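model the following, please.
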Amino acid sequence: MYLMYVDESGDTGALPASPTRYFVLTGLVVHELRWRDCLDQLIAFRRRMRDKFGLKLREEIHASGMINRPGSLKRIRRCDRLTILRAFAKELSSMSDLNIINVVVDKNEKPPTYVAFDMAWKALIQRFENTVSRRNFSGPANPDDRGMILPDPTDDKKLIQLVRRMRHWNPIPNQPQFGPGHRNLALTRIIEDPAFRDSEHSYFIQATDLAAYLLKQRLAPSAFMKTKSGHRYFHLLDPILCKVASSSDADGIVRL
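A predicted model of the protein is given here:
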């Protein structure tokens, strides 16, 4: 079974009320047979960060907060907190059993009726379903593999209802060569309702948060990240990007 941890960066509100143009939704996928090996590597990484920077294993790496709202982590210099994020990205890139799917909603020129939450989640879930069924993730590729979604808490009830609906009714527009209309590609590979995981207690959610944040910074960098070249850190994740998620983007980013 494949596990997809999910986190976001930005917000789903419409412009101009929203402070952000982009909403990023990121899924980090790992097979159950590689889960423990990946966890052990994450723990080893955290121990190195503890020994070098004093970052305790129980303290959360929340990328945006590490830079702008560090709280008790203020004891670590800001440049060192940025170094931790860069080291985290490089560590993830070395974990060949990880796969990252990215969905970006550009809210510019979207109509007021456009629901960014629904559209981004539908795209992410569909790519997860497709990649599991076609056995295109790195790592084990069993013919009967299934997938499970483990998101950071979000609009929980809305997401559960969305997944349940997609199991029965998931209309996908036909390709132009097949004429107008749609096909109902109901989910068959994703089991159970989403099981929500608090990022404070999950190194995998923290890793997903980092990936989403770095993509958001590439699209719309803060002054600090641009000054320190942090807006370029997303490219460090290139080895583990799920590029089959979108053939129209060099990084496999699904752009809506």
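
next one: the helix or strand harbouring K216 to chain centre, how far?
Here K216, judged by DSSP states H and E, is contained in helix 203-219. In terms of CA atoms, centre = their mean, to the nearest Å, the centre of helix 203-219 is found 7 Å from the chain centre.

low pLDDT regions in the stretch 151-256 of the chain?
Along the stretch 151-256 of the chain, segments meeting pLDDT under 70 span 174-181.

ok, which stretches of it are helices?
Counting by DSSP state H, counting those that start in this stretch, residue ranges of the helices within the stretch 151-256 of the chain are 156-166, 203-219, 223-227.

same check on the stretch 1-150 of the chain?
The residue ranges that make up the helices of the stretch 1-150 of the chain, judged by DSSP H, counting those that start in this stretch, are 32-53, 63-68, 78-93, 116-133.

and the closest residue to K158 other than its chain neighbours, how many neighbours does it have?
Ranked by CB to CB, 6 or more residues apart in numbering and with sequence neighbours excluded, the top spatial neighbour of K158 is F117, at 6.9 Å. For glycine as for every other residue, the C-beta is placed from the backbone atoms N, C-alpha and C. Counted with other CB atoms under 10 Å, the neighbours of F117 add up to 19.

list the contacts for F117?
Contacts for F117 (CB atoms under 8 Å, 6 or more residues apart in numbering) come out as T12, D155, K158.

among those residues, the buried ones, what's the PyMOL command?
Buried members of those, defined by 16 or more other CB atoms under 10 Å, are picked up in PyMOL with:
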select buried, resi 12
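
residues making contact with stretch 211-220?
Everything outside stretch 211-220 that qualifies as a contact, by CB under 8 Å, 6+ apart, is 7-10, 20-22, 24-26, 28, 63-64, 85, 89, 92, 100, 102, 104, 225, 230-234, 236-237, 253.

now the buried members of the residues you listed.
Among these, those buried by neighbour count (16+ other CB under 10 Å) are 7-10, 20, 22, 24-26, 28, 63, 85, 89, 92, 100, 102, 104, 225, 230-231, 233-234, 236-237, 253.

before we move on, the earlier item: save the helices of the stretch 151-256 of the chain as JSON lines, and put in distance to Q126 too.
Output for the helices of the stretch 151-256 of the chain, formatted as JSON lines (distance: least, CB to CB, whole Å):
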{"stretch": "helix 156-166", "distance to Q126": "8"}
{"stretch": "helix 203-219", "distance to Q126": "18"}
{"stretch": "helix 223-227", "distance to Q126": "31"}
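
return the most buried member of those.
Ranked by mean neighbour count under mean count of other CB atoms under 10 Å, the helices of the stretch 151-256 of the chain are led by helix 203-219, which reaches a mean of 25.

quick one: that one to helix 78-93, angle?
110 degrees (axes from the mean of the first three to the mean of the last three CA atoms, to 10 degrees).

contacts only, for R127.
For R127, the set of contacting residues under the criterion of CB under 8 Å, 6+ apart consists of G27, I101, V103, C242, A245, S246, V254.

can you name the two of these that sit furthest apart?
When the contacts of R127 are compared pair by pair using CB to CB, the farthest-apart members prove to be G27 and S246, with a separation of 13.1 Å.

alright, calling it a day.
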